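Engineer: Quick one, structure for this:
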Amino acid sequence: MKSKIYIYSLLVVIIAIVYGFTTTDPISKDLSARNSNFNNPMYTYGPSLENPVSTLNESFEGGTFPPAGWTKINPDLGTGWSRLTVGTTPLPGWNGGVVTSPPGGGVGVAFATWTSGGATSNNQWLVSPQLTNSTANDSLSFWLRFWPSNVYSDTVDIKISTTTPTVGGFTTNVATITFPRNSPDTNWTQYKYPIGSLIPAGSNFYIAFRERVNDNLNDGASVSLDLVSVTTSTGPPICNYQWSQQTSGTTSVLYSVSAVSDQVCWAAGVGATVRVTTNGGSTWNNGNAAPGVINGDIFNIYAWSANDALCTTSPAATFIYKTSNGGATWTQVHTLAGGFINAIQMVSATEGYATGDPVGGVWEFLKTTNGGTTWAQVPTAPAQVGGEAGWNNAFYILGSNMWWGTNQTRAYRSTDMGATWTSGVTTGSVNSYAIHYNSPTTGLAGGNAMTLSTNGGANYATITAPGTTGNINSLEGNGSDWWATRTGNTVYRSTNGGTNWTTAYTLTGAAFNDMDFTLSNGCPVGWAVSSAGLIAKMSAVTGITSIGGEVPSAYSLNQNYPNPFNPETNINFSIPKSGLVTLKIYDISGKEVSTLVNEVKNAGSYIVGFNASNLPSGAYFYRIQTDGFADTKKMMLIK
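Structural biologist: Numbers count the residues shown, from 1 in each chain. The predicted structure is shown next:
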């Protein structure tokens, strides 16, 4: 209900005429006839950061408002911003509407309406605590909701002050968000703005959210604000890798593996064995539940979802099989007498390629445009030279570039999706059992030696190989990082482009045949498969990292980011003095499920990564305890 007492009856009459009222009842802003269960799309404005570290997180969950460090400014002498809880109805100043929260929000939101901004106009400010030591990569994000009306407009300004938290200090404008008259319901909308470039690096600054209208009788709706976050990018993520053995449920030799995500992976091998996980490897299930269709040993498998996969066998003729239901059933989709398909790779859900040994003097090079249902030989496939043939899993596509290995001291390459082909000599290695490129120009080909190309495969040079015996039979990489296996129980890693190698993981009894990685939050994760059904997973554990150089003035535990999350998130905390710190994760029943920190830490601010790939969806709590301070916060894992 929007009501005011007007002394002059003439003004009342004029207003009644303008707005169509036939009585002198108080003027109302009515939401009662409007849908309050909104389900509109959410939009995000502005760039996201590659590896955000939070320096401010506010979700207005505390009972005190403004929260600690926040202030209100009300030049027009209104009451200003307030805190409302989810479910509050009607909205203050209205005769309808229900308070909701954005995705990941809690029970509290900040709220400004036409009745709280001033007597005749609105000018109400909500100001953040002072943030210190800005960087060029700082970014602001928040969720905002404009509560709809048929008539009233509103404006929200976002401003920065590098001096004082006063109206006169806020001279830097980040954005002006205008809601014109007759605006539709915006639902909760997330806004993101780069702010580091707006102020000098190293600045201490405040952020203000200002709701304003000149005439709150004829204008002025209401807005809700939540999940205010200021983050800075630290550049490429810090990836701490951890290997662990998993139980595959089979003792059959596994020849090939395909990682779809950090949760979904397929593996295949002897006797039409197919195993699949959809929970990061906590359990592996039978991916060939109706045996009899797939004939022979599977030498290569490629998957692009938990349901969709292709595999190939060559017991006499060569075959490609497809499943679209998670391995419940398989269908034979291609066969060729006398051939031997070595590898398959999809570049989208519909387009994919397969390469195989030459038939009739021409390399087998197939293409599908319907998700693998049908395949056709590409007429531009290269001609066979001598007795050359290919190798299982030695095929890689990156952008418009393709490479495959051979047994004749060369690797084929195309830079135009197979329209034309050339080859590069793999000097020092007759067989290219494995091939992988980290960029269109830099790649490795491995066999009895390790070879490096820095020109997209035009030629290769021998470099230091990991280990001392056996053939290099699988390669994976990202950036300057490389991983390799060499017909044994060891996974090797290089962090400097292959110049030096160290042992990353050893699995007793294993003879690794293949690896496949995918990126999760910027870090490679994946699996290696072996004889005897052995499987190992490499996870990326963010660990604990010190951020910033200043000693904080108080203890704090921030809301995790992102939240909700799947399956990785970051937790920030600050301690003003050194001491023993524990940071633990608990499930909804109070059972401890993980200990992230249990050590003495120096005074400072820290970020801790948490990977919940082995936990089910649901609510979890994280609790910090240190000398004289303890705090607990809630987070949501949604898979």
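
Engineer: Only C-alpha atoms from now on, for both contacts and neighbour counts.
Structural biologist: Will do.

Engineer: tell me what the longest strand seen in the chain is packed against?
Structural biologist: The single longest strand within the chain, with elements called by DSSP state E, is strand 222-233. Applying 3 or more C-alpha pairs under 8 Å, 6 or more residues apart in numbering; DSSP states H and E, one finds that strand 222-233 makes contact with strand 52-58, strand 108-113, strand 139-147.

Engineer: Including mean neighbour count, distance to T569 and mean pLDDT, could the ones you listed go into TSV?
Structural biologist: Shown next, in TSV, are these (neighbours: other C-alpha atoms under 10 Å; distance: least, C-alpha to C-alpha, whole Å; pLDDT from 0 to 100):
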stretch	mean neighbour count	distance to T569	mean pLDDT
strand 52-58	21	10	67
strand 108-113	25	22	95
strand 139-147	23	17	88
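
Engineer: any chance of those in a markdown table, with distance to V347 too?
Structural biologist: Formatted as a markdown table, these follow (distance: least, C-alpha to C-alpha, whole Å):
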| stretch | distance to V347 |
| --- | --- |
| strand 52-58 | 29 |
| strand 108-113 | 44 |
| strand 139-147 | 33 |
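
Engineer: I73 and G118 touch, don't they?
Structural biologist: No - I73 is not in contact with G118 according to C-alpha atoms under 8 Å; the separation is 11.4 Å.

Engineer: Identify the contacts common to these two.
Structural biologist: Q124 (C-alpha atoms under 8 Å, 6 or more residues apart in numbering).

Engineer: Which stretches in the stretch 101-250 of the chain count as strands?
Structural biologist: Secondary structure of the stretch 101-250 of the chain (DSSP state E, counting those that start in this stretch): strands at 108-113, 122-127, 139-147, 154-161, 172-179, 189-194, 206-213, 222-233, 240-246.

Engineer: CA atoms only for the fourth one - export them in PDB, please.
Structural biologist: What follows is the C-alpha trace of strand 154-161 in PDB, where atoms were taken according to Å, rounded to 0.1, in the frame of the first residue of the first chain:
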ATOM      1  CA  ASP A 154      13.400   3.100 -10.900                       C
ATOM      2  CA  THR A 155      17.200   3.400 -11.100                       C
ATOM      3  CA  VAL A 156      20.100   1.700  -9.400                       C
ATOM      4  CA  ASP A 157      23.600   3.200  -9.600                       C
ATOM      5  CA  ILE A 158      26.700   1.200  -8.700                       C
ATOM      6  CA  LYS A 159      29.600   3.600  -7.700                       C
ATOM      7  CA  ILE A 160      33.100   3.400  -6.200                       C
ATOM      8  CA  SER A 161      34.900   5.700  -3.800                       C
END
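
Engineer: That strand: partners in the sheet, and parallel or antiparallel?
Structural biologist: Strand 154-161 pairs in its sheet with strand 172-179 (antiparallel), strand 206-213 (antiparallel), by DSSP bridges.

Engineer: Single out the most deeply packed of the ones you listed.
Structural biologist: Each of the strands paired with strand 154-161 was scored by mean neighbour count; the highest is strand 206-213, a mean of 24, by mean count of other C-alpha atoms under 10 Å.

Engineer: Next, the angle strand 222-233 makes with that strand.
Structural biologist: Strand 206-213 and strand 222-233 are oriented at 160 degrees to each other (axes from the mean of the first three to the mean of the last three C-alpha atoms, to 10 degrees).

Engineer: wait, I575 sits on G604?
Structural biologist: Yes - using C-alpha under 8 Å, I575 is in contact with G604, at 5.6 Å.

Engineer: For those two, list the residues in contact with both.
Structural biologist: Listed as contacting both I575 and G604 by C-alpha under 8 Å, 6+ apart are V551, P552.

Engineer: How far does the longest strand of the chain sit from its chain's centre?
Structural biologist: In terms of C-alpha atoms, centre = their mean, to the nearest Å, the centre of strand 222-233 is found 19 Å from the chain centre.
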